[in-house]
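J.: Please find the sequence and the predicted model below.
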Amino acid sequence: MLQIRNLHVSIDGQKILRGIDLDVQPGTVHAVMGPNGSGKSTLASVLAGRDGYEIEEGSVTYNGQDLLDMDPEIRAREGVFLAFQYPVEVPGVTTMYFMREAVNAVRKHRGEEELSAGEFLKLARQKIGPLGMDADMLKRAINEGFSGGEKKRSEIFQMAMLEPKLAVLDETDSGLDIDALKIVADGVNSLRSADRSFVVITHYQRLLNYIVPDYVHVLSDGKIELSGDKTLALELESRGYGWINDDVVPQAVAGV
Amino acid sequence: MPAIADRADIYLERFNDALARSADEPTWLLERRKRAMERFLQLGVPSLKHEEYKYTDLSGLADGQLLFATRPAGAEAALPSYAAGSASDRATAAGPQVLGRVPQGARVQSLAGALRAEPDLVQRHLAAIADYEDHALCAVNTAFFADAVVIQAERGAVLEEPIQLVFGDGPRDSLPRVLIVAGRNSSVQVVETYAGSGAYWRNAVTEIYAEENARVDHYRAQVESLDAYHTGRLQASQQRDSFVSSFSISFGAAVARNDIGTRLNGSGCECSLDGLYAVRGDQLVDHHTSIDHAMPHCNSHQLYKGVLDDRAKGVFNGKIFVRTDAQKTDAVQSNKNLLLSDQSEVNTKPQLEIDANDVRCTHGATIGQLDSEAAFYLQSRGIGADRARNLLTYAFAADALERIRVAWLKEHFESLLLDRFASQEP
C-alpha cells in the first residue's frame, strides 16, 4: 500500500529526515516512535502534503502512484488521512458543513453518489455516538473552543466519516487522559480492517496498550534506527530512547 | 474654502428652495439648518488634505450635482430580499421608508408628525446630538433633509421586533435623517437599509438618545449601487446604565464613509460598535469610530472586520477618548482585515486619548492573508485548494455577523457571503 524509499526531507535548508525506508501492507498497524525532534511529525506532514518541506531525495509510492506528486486534497480523496497533532480551529465554518463537503468530495472522487443533508446527518450521528460526543458538536465551528480531548476525538470522528485507506495519526494521544485515550483507541480499533492501514506516530508507549501495533519503528535523528514487533515498544518504555543510538542491538529486535 | 465658494452655487440655490419648503418648521429648527449651512459653506466638502479624510476622496461631491440630481423615474433599487417583500407596506406605514409593522410600545413618526406630537422632545434631540459645527457632511444633511423619521420607545417598552427603515431611490431618500429616542428601561432595535441604482450621493444621519438603562441595537446595512457615494453618520448620546450597539454592514457603494460615535455621559454605560465590510473592484470603504468615555465604569467594545479583493481600499480609524473622570473604563478595540489580492490595501489606525489613570484600554489591528494552516487542514480532508480558500474567507467574514441579534438580518448577510465567497459553482 505504502512504500517509502530513502526519503530525505529538509525544512529551510535544515535536514530533518535522512533516509527513511518503510513498507506498509494493507491491514497493518505501524507504530512510529521516537524522541522529540526525531522527525516523526515531519514524516506525517510529508505524507499528508503540507507545504514548506523540501524533498531532497527518495520516493513515496501509494497504491502504485507517486504520492508526493499529488495535491493534499487529492491524497485525501485517494484515501490518505492525517489526524493532526494540533487540529486547527476554524471559526465560522461548522463541522457539519465542513465534513459534508469533505465526505462528498471524497465520494465524488470515488464515483459514488453524494450524500444528501439527511443521509449525511444520519451517518454522522452513527459515527459520533461511540466517540462519546454529542451530535450538537456538528453545529459548532470546527474545533473552536474545543478542549484538547474534544479536538482529538473530532479528528477520529472525521477519520470515521472519510473511511481512509491509510490513516496517519500524529501524536493523537498527546495530552489525553486515560479515558479519552481509550475512546480514541476504540475509535481507531473499530476502523481496523483488512484493507485499511494505520501509521500511528506517538511519543509514548501507553497508546500502544490500546492500539496494538503489528510493527514498531523507532525514529531517531531522521532515520528509522530500529524496527520490531510490539515488544519493542515495551522495551522503549522501560529503557527510554537513550540506548537507541548505542551500538548494542537488543535481543527483541534481532529476530525481525 | 475657495474650492467650495466657487462650486457651491447649487448648494446655495437649493438651500433657498429648501428653506421655502420648510417655512412652517419651528424657528429653532430653521436656525439649526441655517447654522449648518453656514458651517458647510465654511468647511466645504472635505478634501484629501483634511487629516480625517486623507485616504477618502470625496471630491466628486464638491459640486453637489450627485446629491440633487433628479433620479430617473421608475428606477427601483434592488432591495435585499428581507426588505423587498414588504414593499407594499411602504405606502401605508407611518413614514415613507418604514417597512412592516411598528411594534407595540414604539412610535414611528415623520418630522411633521413628531413636531406636532412631541415638539419638546424633537427640539431637545434633533440636530442636537450629531455635531455639524465641525462635520461638513452632517452639516449638509442638517441643512437639507426634507423629512425625518422619529422613533420613540416608550419608557419600559421592550420591543421584540426590530423597526425597519429602508432608503432606496425615492426623492427624499438621498438625505435620510433618523432620530431614535429610547425611554428609560426601554429596549429597541432599528435596522436601516440603504440600496439604490445608478450614480448618486446618499448622505445619512442618525441620532440616538438612550435614556437611563435603555438599550438600543442599531444596524445599518449598506448595499448601495456600486456607482454611488455613501456617507453616513451615526451618533449616540448615552445616559447612565444604557447600552448602545451599532453594527455597520458595508458591501456597496463606490466610496463609503461612515462616522459612528457615541458619548457615554453617565456611569455604567456600555457600547459596542462593530462592523463588517466586504469590498472589491475599486471600492473604498472608510469607517471612523469615536467613543467618548466621559464618566467612570463604562465599557466599550469594537470589532470591525474587512475583506478586500481586487484594488479595493479599506480605512479604519478608531478614536477612544477617556476623560479625566472616566476611571475604571474598559475599552477594547479590534480591526481585522483579510486581503485577498496584492493590490488591495487597508489603512488602519487606533487613536486613543487617555486622561484618566485607572483604566484598561486595548487595541489591535491585523492585516493579513488567509491562514495557510487552516487551508491545509481543509485540503487534508479532500476539499480543493480554491474551495478551501473561499470557505475560510466566508468564515472570517461570517464570524463578525455573529454579533447581529436580528436573526433574519444575520441570515441574509450570511447567505450573501456564501454566494460571494463560497458558492459551489463558479
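T.: Perfect, thanks for sending it.
J.: what about stretch A:113-126, average pLDDT?
T.: Stretch A:113-126 carries an average pLDDT of 94.
J.: List the buried residues of that stretch.
T.: By neighbour count on 16 or more other CB atoms under 10 Å in any protein chain shown, the buried set for stretch A:113-126 is A:115, A:120, A:123, A:124. No exception for glycine: its C-beta is placed from N, CA and C like everyone else's.
J.: Distance to chain B and secondary structure for those residues - can I get that in a markdown table?
T.: Formatted as a markdown table, the buried residues of stretch A:113-126 follow (distance: CB to the nearest CB, whole Å; DSSP: H, G, I helix; E, B strand; the rest coil):
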| residue | distance to chain B | secondary structure |
| --- | --- | --- |
| A:115 | 13 | coil |
| A:120 | 14 | helix |
| A:123 | 15 | helix |
| A:124 | 14 | helix |
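J.: any chance of those residues in a markdown table, with distance to residue B:172 too?
T.: Listed next are the buried residues of stretch A:113-126 as a markdown table, based on distance: CB to CB, whole Å:
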| residue | distance to residue B:172 |
| --- | --- |
| A:115 | 52 |
| A:120 | 50 |
| A:123 | 56 |
| A:124 | 52 |
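J.: what's in contact with the helix or strand harbouring residue B:362?
T.: Per DSSP states H and E, residue B:362 falls inside strand B:360-368. Residues from elsewhere that reach strand B:360-368 (CB atoms under 8 Å, 6 or more residues apart in numbering or on different chains): B:316, B:318, B:320, B:322, B:329-339, B:346, B:348-350, B:352, B:354.
J.: Only the buried subset of these, as a ChimeraX command please.
T.: Restricted to buried positions by 16+ other CB under 10 Å, the ChimeraX selection for the contacts of strand B:360-368 reads:
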select /B:316,318,320,322,329,331,332,333,334,335,336,337,338,339,346,348,350,352,354
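J.: Low-confidence stretches in chain B?
T.: Applying pLDDT under 70 to chain B picks out residues B:1-8, B:71-77, B:84-97, B:423-426.
J.: Residue numbers of it in contact with chain A?
T.: Contact residues, chain B versus chain A (CB under 8 Å from any CB of the partner chain): B:371-374, B:376-385, B:387-388, B:391-392, B:394-399.
J.: Are any of those buried, and if so which?
T.: When the residues of chain B next to chain A are checked for burial by 16+ other CB under 10 Å, the buried set is B:371, B:374, B:376-384, B:387-388, B:391-392, B:394-399.
J.: So which of these are in helices?
T.: Counting by DSSP state H, the part of these found in helices is B:374, B:376-379, B:387-388, B:391-392, B:394-399.
J.: ok, of the residues you listed, which one's closest to chain A?
T.: Using CB to the nearest CB, residue B:395 comes nearest to chain A of these, at 2.9 Å.
J.: so what's the closest one closest to, chain neighbours aside?
T.: residue A:92 (2.9 Å; CB to CB, 6 or more residues apart in numbering or on different chains).
J.: got it, and residue A:180?
T.: Residue A:180 sits nearest to residue A:149 (CB to CB, 6+ apart), 4.0 Å away.
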